[in-house]
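Novice: structure of the sequence below:
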Amino acid sequence: MTEKKIVLPGDKLSTSEELLSGDGTFEEDGIIRSSQIGTYVVDNQNKRAKVKAVTSMPVLLKRGDIVLAEVRMMRSSMIIADVIHVIGSKREISGDTNGTLRVSEISKGYVKDPSDAFSLGDIFRARVTQVKPSIQLETKDNEFGVIKGFCSKCRNSLIKKDNILECKNCGNKERRLTSNDFGTFDPNNL
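Specialist: Numbering: from 1, shown residues only. Alright, predicted model coming up:
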């Protein structure tokens, strides 16, 4: 790859006869232009014009992303959640962050009602299975599920004892679909 110069959105980089449009570029009427502020780079091996961003861009969700989400609403066939973080990213999520976790996508086994696996306010890890037209999530593997749960009676944090979650404050016992690292999840290692 050969680096050239700093370019602005809309700057002419090349023609579509010379190079293909790559990351950070777009083609318009046979002209390849920059779509962002960055350093113009020519990938000679793949014959592509690219622009490497100067500033870090907000994260756009994509299929396969591992995310953290917070349960906002429970229905009989689904959970509505706010996607709050993409694992491995230090930036905020751009665009819509409302996701849906359908009851059929909660577990490999049968789940009758989402309230058997989640509760309002729970923070859980999931995989994005669809982004457009709406964000769809799934929690079918052991690494997915609730990483931090809250008591449905007093809203204090729950701790895991065997396969039951217990509230130290009021003694309430509840069940959740927990991730394999429930209680040991470290938010500093995102």
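
Novice: when you work out contacts or count neighbours from here on, use the C-alpha atoms and nothing else.
Specialist: Noted.

Novice: what residues go with each domain of this structure?
Specialist: Per automatic domain parsing, the structural domains of the chain span 2-53, 66-183.

Novice: looking at the ones you listed, which is closest to Leu60?
Specialist: Evaluated over the domains of the chain, closeness to Leu60 peaks at domain 66-183, with 5.5 Å, by CA to CA.

Novice: how far off centre is that closest one?
Specialist: Distance of domain 66-183 from its chain centroid, counting by CA atoms, centre = their mean, to the nearest Å, is 13 Å.

Novice: ok, now which ones touch Phe150?
Specialist: Counting by CA atoms under 8 Å, 6 or more residues apart in numbering, Phe150 touches Ser119, Gly121, Asp122, Asn156, Ser157, Leu158.

Novice: next one, pLDDT for it please.
Specialist: pLDDT, Phe150: 86.

Novice: enumerate every residue touching Tyr40.
Specialist: Residues near Tyr40 by CA under 8 Å, 6+ apart: Glu3, Lys4, Lys5, Ile6, Val7, Leu13, Ala49, Lys50, Val51, Lys52.

Novice: tell me, how many residues neighbour the fourth one?
Specialist: What that stands for is Ile6. Using other CA atoms under 10 Å, the number of residues around Ile6 comes to 15.

Novice: and the pLDDT for it?
Specialist: pLDDT recorded at Ile6 is 80.

Novice: which of the contacts of Tyr40 fall in strands?
Specialist: Those of these mapping onto strands are Glu3, Lys4, Lys5, Ile6, Val7, Leu13, Ala49, Lys50, Val51, Lys52, per DSSP state E.

Novice: surely the fourth one is in contact with Thr39?
Specialist: Yep, that's Ile6 we're talking about. Yes: using CA atoms under 8 Å, Ile6 is in contact with Thr39, at 4.4 Å.

Novice: just the buried ones from the ones in strands among the contacts of Tyr40?
Specialist: The neighbour-count test (16 or more other CA atoms under 10 Å) marks Val7, Leu13, Ala49, Lys50, Val51, Lys52 as buried among the ones in strands among the contacts of Tyr40.

Novice: shouldn't Lys173 be in contact with Asp162?
Specialist: No: counting by CA under 8 Å, Lys173 does not reach Asp162; the two are 11.5 Å apart.

Novice: okay, these two: which has more neighbours?
Specialist: More neighbours surround Lys173 than the other of Lys173 and Asp162, with 16 against 7 (other CA under 10 Å).

Novice: who's in contact with that one?
Specialist: By CA under 8 Å, 6+ apart, the contact set of Lys173 is Ile164, Leu165, Glu166, Cys167.
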